[in-house]
Every structure is written in C-alpha cells, then in structure tokens.
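Asker: the sequence isn't on hand, but the structure is:
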C-alpha cells in the first residue's frame, strides 16, 4: 500500500504545472477554494481513484465469477440485460468489496442498545449490514442474482456514496455477460485462496479451466 501511494503521489505531482489530458492533471492542478490541494491531499486523492475504481471492481468480479461458476443456472440468465443489472447489485451486496468503515462519533448516541460516546472510534461493518435479515429477509445469506429490490450498502450511502458506482456497474455487467457468453463451460480447476485483509474482500487466486470452442466453418 505504501509503495502504491508513493508511486501514485509522484505521478500526480509530476503533473502540477505540467498538465496533460488525464485525471492526474485534474487532481494536481484543481483550484479548490482558491488553493491547490496539498501534496498529501493530492497523493491520497490519486490513491483513492485507484483503490476505489480498480481494487474493488476487480475483487467483486473475481468473487462473482467463482460464485457463478458454482451456479451455472444463474450464470445462464446473465444474457438477459434486466437480470444482468440485478446481478451486479447482488454481486456488490454479496461480495461487499470494502467490508468496513472507521468513523469517529461526533455526539453521544445509542444504536441497538449500545451506548456510543462523542469521540469514540466506531467501525461500521458494511458486510454485516448487507446480510441483515431484517432488510433482506430469510434469503439474506443466499446468492441470488434476481434479487429485487436490493438496498445494499456496498456503494456507501449519503455523502459517502461511491462516485464511480455507475462505472463499476457498467464494467461488471459487460465483463460478466461477455465472459459467460464466450466461456459458458468454465469450471474451477483448483483451490481458491482469499485475500487476507480486515477490510478487503477478494481472491488472491482463482484457478479456472474451460474448453476452447470449435471454430465455426466458413
């Protein structure tokens, strides 16, 4: 993580005063209330774009592929655009690529019988909220790409709603539709290994095999 931050920070700051036609230039030279972002702010903004726009989508896609390989009857439904859209929402709920958020309480309050004092550190477990039986009913712990409605919190909420959520939705829809259209006979070909992380849900290995299609005669 430190190496990634150093790399991206240096890349963003290299655009300061020397802009190009890219997002790094926008971050480096953005006038925010009459000032440029500090070097630290610019570096973390660039880091957040990569972490939020690449890491989470990639991990959601990998886990989705694994789950759909296990459930070919659901994978077969992906070519229906309406189902593909609900599938993306279920994938984000099921995977919850970013599992929690640390916050500091700004006032005294009580949640679910637990007293929280102003200044307390609080970890909100999004992955738990996305399995809440009071919201998703008795099938909360089941993977179902036809689930609708699906009020998950995988993209956050309120002022913390993911800015790139619609890009992520489009990426996942296109990827999964095309992949299972071209390689419908995919199967797991070894042990799956999960990323060891308190916050990230993802796979470090996903071995798969498939039979190449016979070319259609001209």
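Answerer: Sure, I can see it. Computed from a predicted model, the values in this text were never measured in an experiment.
Asker: the spatially most central residue of the chain: what secondary structure?
Answerer: Centroid-nearest residue in the chain, with C-alpha atoms, centre = their mean: residue 56, separated by 3.2 Å. Assigned by DSSP: H, G, I helix; E, B strand; the rest coil, the conformation of residue 56 is helix.
Asker: I'd guessed it sits against residue 168; true?
Answerer: Yes - contact status for residue 56 versus residue 168: in contact at 7.1 Å, counting by C-beta atoms under 8 Å. C-betas here are computed from N, CA, C, even on glycine.
Asker: since we're on the nearest residue to residue 131 once chain neighbours are set aside, how many residues are nearby?
Answerer: Excluding the flanking residues, the one nearest residue 131 by C-beta to C-beta, 6 or more residues apart in numbering is residue 140, at 5.0 Å. Counted with other C-beta atoms under 10 Å, the neighbours of residue 140 add up to 14.
Asker: ramachandran angles for residue 209?
Answerer: phi -130, psi 160 (degrees, to the nearest 10).
Asker: ok, and what's touching whichever helix in the chain runs longest?
Answerer: Longest helix in the chain by number of residues (criterion: DSSP state H): helix 165-182. With contact meaning C-beta atoms under 8 Å, 6 or more residues apart in numbering, helix 165-182 is reached by 53, 56-57, 60-61, 64-65, 68, 75-76, 78-79, 84-85, 87-89, 91-92, 155, 162, 186, 213.
Asker: and the buried ones among those, selectable in PyMOL?
Answerer: Command for PyMOL that selects the buried part of the contacts of helix 165-182, burial taken from 16 or more other C-beta atoms under 10 Å:
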select buried, resi 53+56+57+60+61+64+65+68+75+78+84+87+88+89+91+92+155+162+186
